[in-house]
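Asks: Test case, fold it:
(one chain, ligands or ions: 3)
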Amino acid sequence: MGQLIVVGAQWGDEGKGKIVDLLTDFSDAVVRYQGGANAGHTLVVDKKKVVLHMIPSGILHNNVVCMIANGVVIDPELLIEEIDMLVGSGINVSKDNLKISNAAHVILPYHKLLDSYREEKRSKKIGTTQRGIGPAYEDKITRRGIRFQDFLDKTRFDQLLQQNLEYYNFLFENYFKKEALNFNTLVEKFDYYRERLSSFHENTSWLLHQYLSKGRKVLFEGAQGTLLDIDHGTYPYVTSSNTTTGGALTGTGIGPHKNISVLGICKAYTTRVGEGPFPTELNDDLGVKLRTEGAEFGSTTGRARRVGWLDIVALKYAIRINSITSIALTKLDILSALDEIKICTSYSYNGEKLNYFPNDSSILSKVECEYQSCSGWNSPIGDVKIFHDLPESAIRYIELLETLLEVPIDIVSLGPDRDKTIVRNHPFHS
Ligand code: GDP
Ligand code: IMO
Ligand code: MG
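Replies: Ligands and ions are numbered 1, 2, ... in the order given. Prediction:
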């Protein structure tokens, strides 16, 4: 296959960064298509950890072009920090290997402030990352947004900023009773950001078409996960972009080509950061144990992740919504700590079995889960290199998932490091 879309199959933090880094070895370009610095993608190479929020997870590889496409919302301040962090660790980041779409929208300080003021005021909190994601997408949709190409043109940017500040300062002072932002301070900051970032600008949709027409391999890196999708997720406890396969198309400017595969990244259990329904959540000692074993603390905000059993109903939904062609199952090693492993195979609501994943969060928060129990393997598996060397019950667990999900599990991940991975079938080759 020429192009591979990577999507999170759950509520984010499935290990997308690790898998994208691994598959970059077989790619010519890696493209982020939605979200912004709310993402935290962790790569571990030779025990060295790098967390990326905006730059595609292909950046550690030479001879690969990384693109931040039109669907992403860019925080210039954090992007500069990320570039400096990488360059400081000896990684090359230049206009030759990082291309930023002219059409991507820019996050401004008022977006981040609005995000936090709103969370503060809400009685039912969403638990956002407070990175300004919702307000920035809102400006895009309402056509008040500032695109990367507007930001690069100082006259245009200063004018748009002035107009927008009129609106935001009114809101801050009168509705939220907060301080107004100073135009000159912002202009000065953005003059510096412009100086640092202008060389990266590109028409990434055009560039991508050049890659595709030459038959080069492109990896599309999703952020967040299916159940956080603005349309298909557990609304309103979602992020503000399309985190699913459709987002990869509109977020980059390509059509549904014939030779696209979709790899769903899925943890061997489930986690969620922030508020919202979570049918298989474990609010007991077992949950604490899984969180500790799996080091389930957010890569962006450091918040403790909520944990629960694997949810087949939600995964089948993710497979349907995304047209997932195969799965990368991550963190299987963490289940080694358990004697018994459960998977949720169906939901019931008001005593009746549900045949599908409900798109109403108030129903989802009340469903009852039916579980199938599997025996654990009680031995460490992190160093296993060949699928058939896994303990018998681990193999049975994977094969059971394949039967229930009706999709092959092509990759099994057994640790954070790149080399702790079993590739059963290469997603670029299938
Ligand atoms: P992403 O947002 O989907 O890229 O995932 P995160 O990086 O936020 O969270 C996944 C966490 O699990 C990171 O700390 C990874 O280093 C780690 N990780 C990924 N795959 C595995 C695995 O197979 N086993 C273990 N133990 N950790 C993993
Ligand atoms: P990666 O790419 C997990 C969650 C937040 C909150 C909701 C809305 O690392 O998987 P937002 O700031 O986007 O408006 O917050 O979405 N969220 C994530 N949860 N992983 C992520 O990204 C997330 N990005 C946002 O916790 O519940
Ligand atoms: Mg993450």
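Asks: Around ligand 1, which positions in the stretch 201-350 of the chain sit nearby?
Replies: 299, 330, 331, 333, 334 (CB under 6 Å from any ligand atom). C-beta here means a position set from N, CA and C on the backbone, and glycine is covered the same way.
Asks: closest to residue 46 among those?
Replies: Relative to residue 46, the closest of those is residue 333; by CB to CB it sits at 18.0 Å.
Asks: distance of that closest one from residue 424?
Replies: Using CB to CB, to the nearest Å, we find residue 333 at a distance of 16 Å from residue 424.
Asks: ok, these two, which is more surrounded?
Replies: residue 333 (22 against 13; other CB atoms under 10 Å).
Asks: Pretty sure that one sits against residue 379.
Replies: No. Using CB atoms under 8 Å, residue 333 is not in contact with residue 379, being 10.6 Å away.
Asks: and residue 164, that's in a helix?
Replies: Yes. Assessed by DSSP: H, G, I helix; E, B strand; the rest coil, residue 164 belongs to a helix.
Asks: Spatially nearest residue to it, not counting backbone neighbours?
Replies: Closest residue in space to residue 164, ignoring its immediate chain neighbours: residue 144 at 6.2 Å, by CB to CB, 6 or more residues apart in numbering.
Asks: and that neighbour, how many neighbours?
Replies: Using other CB under 10 Å, residue 144 is surrounded by 13 other residues.
Asks: same question, residue 48
Replies: 10.
Asks: Buried residues of stretch 407-419, list them for me.
Replies: Using 16 or more other CB atoms under 10 Å as the test for burial, stretch 407-419 gives 407, 409, 410, 411, 412, 413, 414, 415, 416, 417, 418.
Asks: That stretch vs ligand 3: in contact?
Replies: No. Stretch 407-419 is not in contact with ligand 3 by CB under 5 Å from the ion; minimum separation 12.2 Å.
Asks: end-to-end on that stretch?
Replies: One end of stretch 407-419 to the other measures 24 Å (CA to CA, to the nearest Å).
Asks: Same question for stretch 289-300.
Replies: Per CA to CA, stretch 289-300 runs 22 Å from first to last residue.
Asks: how far is it from where the chain is centred?
Replies: Relative to the centre of its chain, stretch 289-300 is centred 17 Å away, using CA atoms, centre = their mean, to the nearest Å.
Asks: ditto for stretch 420-430
Replies: Counting by CA atoms, centre = their mean, stretch 420-430 comes out at 21 Å from the chain centroid.
Asks: State the helix or strand in which residue 345 lies.
Replies: If you go by DSSP states H and E, residue 345 is part of strand 340-349.
Asks: what's the very next helix or strand once past that strand packed up against?
Replies: Downstream of strand 340-349, the next assigned helix or strand under DSSP H and E is strand 352-354. Using 3 or more CB pairs under 8 Å, 6 or more residues apart in numbering; DSSP states H and E, the elements in contact with strand 352-354 are strand 340-349.
Asks: related to what we said a few turns ago, and the furthest pair within the residues of the stretch 201-350 of the chain next to ligand 1?
Replies: 299 and 333 (18.1 Å).
Asks: so can I have a markdown table of the buried residues of stretch 407-419 showing secondary structure?
Replies: Output for these, formatted as a markdown table (three-state DSSP):
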| residue | secondary structure |
| --- | --- |
| 407 | coil |
| 409 | strand |
| 410 | strand |
| 411 | strand |
| 412 | strand |
| 413 | strand |
| 414 | coil |
| 415 | coil |
| 416 | coil |
| 417 | strand |
| 418 | coil |
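Asks: coming back round to it: check the secondary structure at the residue nearest to residue 164 for me.
Replies: At residue 144 the chain is in coil, as set by three-state DSSP.
Asks: hang on, the earlier thing: so what are the sheet partners of the strand holding residue 345 and their directions?
Replies: Each strand paired with strand 340-349, and its direction, by DSSP bridges: strand 310-311 (parallel), strand 352-354 (antiparallel), strand 368-375 (antiparallel).
Asks: does the residue lying closest to residue 46 once chain neighbours are set aside have beta-bridge partners, and which?
Replies: With sequence-adjacent residues excluded and distances taken as CB to CB, 6+ apart, residue 46 is closest to residue 417, at 7.4 Å. Beta bridges link residue 417 to residue 44, judged by DSSP bridges.
Asks: looking at it, residue 417 is touching residue 44, isn't it?
Replies: Yes. The criterion here is CB under 8 Å, and residue 417 meets it with residue 44 at 4.8 Å.
Asks: For residue 130, give me its contacts.
Replies: 112, 115, 116, 119, 301 (CB atoms under 8 Å, 6 or more residues apart in numbering).
Asks: gap between the residue nearest to residue 164 and residue 137?
Replies: Applying CB to CB to residue 144 and residue 137 gives a distance of 11 Å.
Asks: Check residue 43 too.
Replies: Distance from residue 43 to residue 137, by CB to CB: 26 Å.
Asks: Grab the nearest non-local neighbour of residue 25.
Replies: residue 61 (6.7 Å).
Asks: sorry, that was for residue 270
Replies: residue 308 (4.7 Å).
Asks: Next one: the one you found from ligand 3, what distance?
Replies: Taking CB to the ion, to the nearest Å as the measure, residue 308 falls 17 Å from ligand 3.
Asks: Can you tell me the number of residues neighbouring that residue?
Replies: Residue 308 has 23 nearby residues by other CB under 10 Å.
Asks: Next up, identify which helix or strand the residue of the stretch 51-200 of the chain found nearest ligand 3 is on.
Replies: Nearest residue of the stretch 51-200 of the chain to ligand 3: residue 51, at 8.2 Å (CB to the ion). Taking DSSP H and E as the definition, one finds residue 51 inside strand 48-52.
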